[in-house]
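Asker: what would the 3D arrangement of this be:
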Amino acid sequence: MQEARGSVQSIDRAVAILRCFDARTPDLGISDLARATGLSTSTVHRLLLAMQENGLVRQTAHRRYAIGPLVVQLAHSGGIPAGLRDAALPVLRALRDDTGETAAVHELLPSGQRVVLDQVESHHQLRRTYTEFGLPVALPLGAPGKALLAFLPFERQQEVLKGPLERVQPATITDPEVLAEQFAAIRRRGYAMSRTERTPGICSVAAPVFGYSGEVAGCLSVSGPEMRMPVERMEEFGMRVAEGAWSVSELLGATPVARDRSTALAGGR
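Answerer: The predicted model follows:
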């Protein structure tokens, strides 16, 4: 049992070392790693030797270390999703099968708009079918738009809420105070809802997907005809979509700490 605890501790420490490397610090010395992890230099040195033997790190010039070839090989092996769409598709299929409704993945664009990347359609004859793949859609239209905007930095939300906010359907919400209240509720419960706000007769729920930095990168949605989407059912679906969206976030490298930091910034804290 003592040996098992020691092995787990060594894994934890090795992971802590790997987390020190990023674009700003692609190579680090033993002293740098000891300061960053709180470990002694002798412990760091011992771990680095084992990690180097296994390809997790490699030694560079002047006794410094960088990410090793095994990490790069794993990243290019196909076992790790190449992007949001690849990471989301298995989850979309599960959501479609679980809810019976169309599931889709949406990506946030640098322009502050969103696009539909892909969908897994419902088997119902009467169903939601996306046709505007790759066409930019303004935030905060629909549940996907609200799910994205609610988790963007507070200043960006304020810019959008200052308008103009386009009314595309009679149910489209254009009151900035109402939207701000909805954004706060979305951050608390983890998903957004929309009832015929963008597309006639269609109701949807959506939850954010976070990237490795913790910033919102896109969202997943489930949508269907209004007749099959009472509020109670939407709330049930919302929780399932939020769970699925977080599983995609983890595949993209997101952590709870980074997500919570981003969420706090979105709330103006």
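
Asker: quick check: next helix or strand after the top helix by length along the chain?
Answerer: When the chain is parsed with DSSP state H, its longest helix is helix 231-251. Counting by DSSP states H and E, the next helix or strand C-terminal to helix 231-251 is helix 256-266.

Asker: what residues does that next one touch?
Answerer: 150-154, 157, 183, 187, 210, 212-216, 249 (C-beta atoms under 8 Å, 6 or more residues apart in numbering). For every residue, glycine as well, the C-beta is placed using N, CA and C.

Asker: stretch 229-246 too?
Answerer: With C-beta under 8 Å, 6+ apart, stretch 229-246 has contacts from 91-92, 94-95, 98-99, 101, 103, 189-193, 195, 203-209, 219-223, 254.

Asker: any idea how far Ala150 is from Met193?
Answerer: 12 Å (C-beta to C-beta, to the nearest Å).

Asker: between the two, which one's more packed in?
Answerer: A side-by-side neighbour count of Ala150 and Met193, using other C-beta atoms under 10 Å, places Ala150 first with 29 against 23.

Asker: coming back round to it: report the angle between the longest helix of the chain and helix 256-266.
Answerer: Using axes from the mean of the first three to the mean of the last three C-alpha atoms, to 10 degrees, the direction of helix 231-251 lies 120 degrees away from that of helix 256-266.

Asker: quick check: buried residues in helix 231-251?
Answerer: In terms of neighbour count (16 or more other C-beta atoms under 10 Å), helix 231-251 has its buried residues at 234, 237-238, 240-242, 244-249, 251.

Asker: do stretch 97-117 as well
Answerer: By neighbour count on 16+ other C-beta under 10 Å, the buried set for stretch 97-117 is 99, 101-108, 113-117.

Asker: how about the helices in the chain?
Answerer: 2-18, 30-37, 41-53, 69-75, 84-99, 142-149, 154-161, 176-189, 231-251, 256-266.

Asker: and the ones you listed, which is most packed in?
Answerer: Highest mean neighbour count among the helices of the chain (mean count of other C-beta atoms under 10 Å): helix 142-149, with a mean of 29.

Asker: pull the residues that contact that one.
Answerer: Contact with helix 142-149 is made by 104, 106, 108, 114, 137-140, 156-157, 160, 179, 182-183, 186, 191-194, 197-199, 204-208, 216, 218-219, 221, 223, as judged by C-beta under 8 Å, 6+ apart.

Asker: please flag which of those sit within strands.
Answerer: Counting by DSSP state E, the part of the contacts of helix 142-149 found in strands is 104, 106, 108, 114, 192-194, 204-208, 216, 218-219, 221, 223.

Asker: leaving out chain neighbours, which residue sits closest to Glu107?
Answerer: In space, not counting the residues next to it along the chain, Glu107 is nearest to Gly218; the distance is 4.4 Å by C-beta to C-beta, 6 or more residues apart in numbering.

Asker: wait, isn't the one you found in contact with Val209?
Answerer: Yes. Between Gly218 and Val209 there is a contact under C-beta atoms under 8 Å: 4.7 Å.

Asker: from the chain's centroid, how far away is stretch 114-121?
Answerer: Computed by C-alpha atoms, centre = their mean, to the nearest Å, the chain-centroid distance of stretch 114-121 equals 15 Å.

Asker: numbering from 37 from now on, please.
Answerer: All set: I'll call the first residue 37, so the last point we hit is now stretch 150-157.
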